[in-house]
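Visitor: For reference, the sequence and a predicted model appear below.
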Amino acid sequence: MSMESMIDTSRQKAVNRAFVVVVVIALALGVLARFDLTLSIGMDFLTMFCLVPLGVSLIGLVFGGLSKRAIDYVPGPWKTRRVFVSIEEFKEMYERHEEAYGHLFPDTSSCFSSCYCFAFGGCVLGVLLTLGIFLIGSSTPVFNTLIDSILLYTFNVIVASVMGFIVGYKIVSIDPEKSIPKPSVDHHTIDFLSALARVPGVRTGFDVQLGERAGLLALMEAEPKAYIEGLPDTVQLKLQISRSGFVYPYIVATYYKGPTVEEHKERQRLGTKYPAIFEYMMDKDVTVIVGRFDIPKRTSSVPHISDRDFYVLAVAVVSRMRELAAQAPS
């Protein structure tokens, strides 16, 4: 089954053709104006080399977003299965998923990409503007004043419109309600799960849901999990990351039908930047320990939890789960 059977690009092609027509019209109007008007270092020059490129870059931004939105996902049944894979296996799966479907999603670094592209585009336009002033004002043009100005104008408009289109395309996605899912896993998840993997006796990986549709595979869901060697699989460690203002990782350890514990908190210093808090609770038949750091409500800087500190926290959580397992009824 080819990608075309899942992704309909007919509307996108129409949008792209319309964008090309708009750029060609802008080029044609500029060239005609150059033949009819005397170009001087004044309003005519600024219009051709500043205002028009700025305008087509904004038009390109709009058309880029419309082009991405015009991609239509063709709904269909997926056959799903769940597997537990190692961190390295997940990385390979994620890379293949990105290669196949990454163009359908917004760029994860779209804000940075947009700022970078606009800054780079501004520099390019500035260089071209300076070059235009130099060539047109020079007594020895490359070809002649008319041809030089037309070539510069054409290059300026093409660069501005294409850069605007690329940014607009990157910052949006196709309809998220009717698209292939994308697991929300970033490098922070990988880094902290790798730190958890270094804890002795801990086996880490991802609980992955794979989707198959007539030969095409997709990574539908992914949840980072860990198991403690020597304990039953009903004992699990789940990595959770809060991103409300800063990256805040913590561990939720669960023990299905484990020993009953009283709900309480323990605060302990582990030699880490922040003290640790261990919350004990029961969730029906599940014994739960939440290991997290006690972050001050008011700080002079943005809180940061290092991989090393998270590793120390994980060691403490694993130790407590082993103690609980020793109390569990046989």
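Guide: Structure's in. What do you need?
Visitor: which phi and psi does I251 have?
Guide: Backbone geometry at I251, expressed as degrees, to the nearest 10, gives phi -120, psi 130.
Visitor: Revised request: answer the last question for V85.
Guide: Note on V85: its backbone torsions stand at phi -120, psi 160 [degrees, to the nearest 10].
Visitor: Now do the buried residues in the host helix or strand of A18.
Guide: Per DSSP states H and E, A18 falls inside helix 10-36. Neighbour-count burial for helix 10-36, counted by 16 or more other C-beta atoms under 10 Å, picks out 12, 15-16, 19, 22-23, 26-27, 30-31, 34. Every C-beta, even on glycine, is put in place using the N, C-alpha and C of the backbone.
Visitor: Closest one of those residues to I174?
Guide: Nearest to I174 among the buried residues of helix 10-36, counting by C-beta to C-beta, is Q12 at 9.3 Å.
Visitor: Who are the packing partners of the helix holding A18?
Guide: helix 52-69, helix 145-170 (3 or more C-beta pairs under 8 Å, 6 or more residues apart in numbering; DSSP states H and E).
Visitor: and these, which one is worst for confidence?
Guide: Of all those, mean pLDDT reaches its minimum on helix 145-170 (a mean of 81).
Visitor: And that helix, what's buried?
Guide: Those would be 145, 148-150, 152-153, 156-157, 159-170, for helix 145-170 by 16+ other C-beta under 10 Å.
Visitor: what's the angle between it and helix 10-36?
Guide: Put simply, helix 145-170 runs at 160 degrees to helix 10-36, going by axes from the mean of the first three to the mean of the last three C-alpha atoms, to 10 degrees.
Visitor: The helices and strands packed on helix 10-36: which one's closest to R96?
Guide: That would be helix 145-170 among those, by C-beta to C-beta, at 20.7 Å.
Visitor: Quick one: list the elements packing against that closest one.
Guide: For helix 145-170, the packing partners by 3+ C-beta pairs under 8 Å, 6+ apart come out as helix 10-36, helix 52-69, helix 110-137.
Visitor: sorry, back to before: average pLDDT across the helix holding A18?
Guide: Average pLDDT, helix 10-36: 85.
Visitor: residue contacts, V172?
Guide: The neighbours of V172, taking C-beta atoms under 8 Å, 6 or more residues apart in numbering as the test, are 65, 68-69, 106.
Visitor: Could you list the low-pLDDT ranges of this structure?
Guide: For the chain, residues meeting the criterion pLDDT under 70 lie at 1-4, 34-49, 107-146, 148, 176-178, 328-330.
Visitor: what's the closest of the helices and strands packed on helix 10-36 to P303?
Guide: It's helix 145-170; of these, that one is closest to P303 (C-beta to C-beta) at 30.3 Å.
Visitor: and the gap between V252 and M220?
Guide: Going from V252 to M220 by C-beta to C-beta, to the nearest Å gives 22 Å.
Visitor: nope, D307 is what I was after
Guide: 28 Å.
Visitor: can you tell me which two in the contacts of V172 are farthest apart?
Guide: Longest span within those, C-beta to C-beta: R69 and P106, 11.2 Å.
Visitor: Y248 pairs with what?
Guide: Beta-bridge pairing for Y248 (DSSP bridges): S242.
Visitor: so it makes contact with D294?
Guide: No. Here Y248 does not reach D294: they are 11.3 Å apart, not a contact under C-beta atoms under 8 Å.
Visitor: Next, F278: phi, psi?
Guide: phi -120, psi 120.
Visitor: So for it, what's the nearest residue that isn't a sequence neighbour?
Guide: E266 (4.5 Å; C-beta to C-beta, 6 or more residues apart in numbering).
Visitor: I believe that neighbour is in a strand; please confirm or correct that.
Guide: Yes. Judged by DSSP: H, G, I helix; E, B strand; the rest coil, E266 forms part of a strand.
Visitor: what about it, neighbour count?
Guide: 13 (other C-beta atoms under 10 Å).
Visitor: got the contact list for it?
Guide: Taking C-beta under 8 Å, 6+ apart as the test, what E266 contacts is 277-278, 280.
Visitor: if we go to 10 Å?
Guide: The neighbours of E266, taking C-beta atoms under 10 Å, 6 or more residues apart in numbering as the test, are 276-280, 289, 291, 316, 320.
Visitor: what do you get for R269?
Guide: 275-276, 294.
Visitor: do that again at 8 Å, thanks
Guide: So R269 contacts 275-276 (C-beta under 8 Å, 6+ apart).
Visitor: Show me what the closest residue to L193 other than its chain neighbours is bridged to.
Guide: Distances taken as C-beta to C-beta, 6+ apart put P224 closest to L193, at 4.8 Å, once the chain neighbours are dropped. Note on P224: beta-bridge partners by DSSP bridges are F206.
Visitor: thought P224 was touching A195?
Guide: No. P224 is not in contact with A195 according to C-beta under 8 Å; the separation is 11.5 Å.
Visitor: Next one: the closest residue to R198 other than its chain neighbours from L270, what distance?
Guide: Spatial nearest neighbour of R198, chain neighbours left out: Y311 (6.0 Å); criterion: C-beta to C-beta, 6+ apart. Remark: distance between Y311 and L270 (C-beta to C-beta) = 10 Å.
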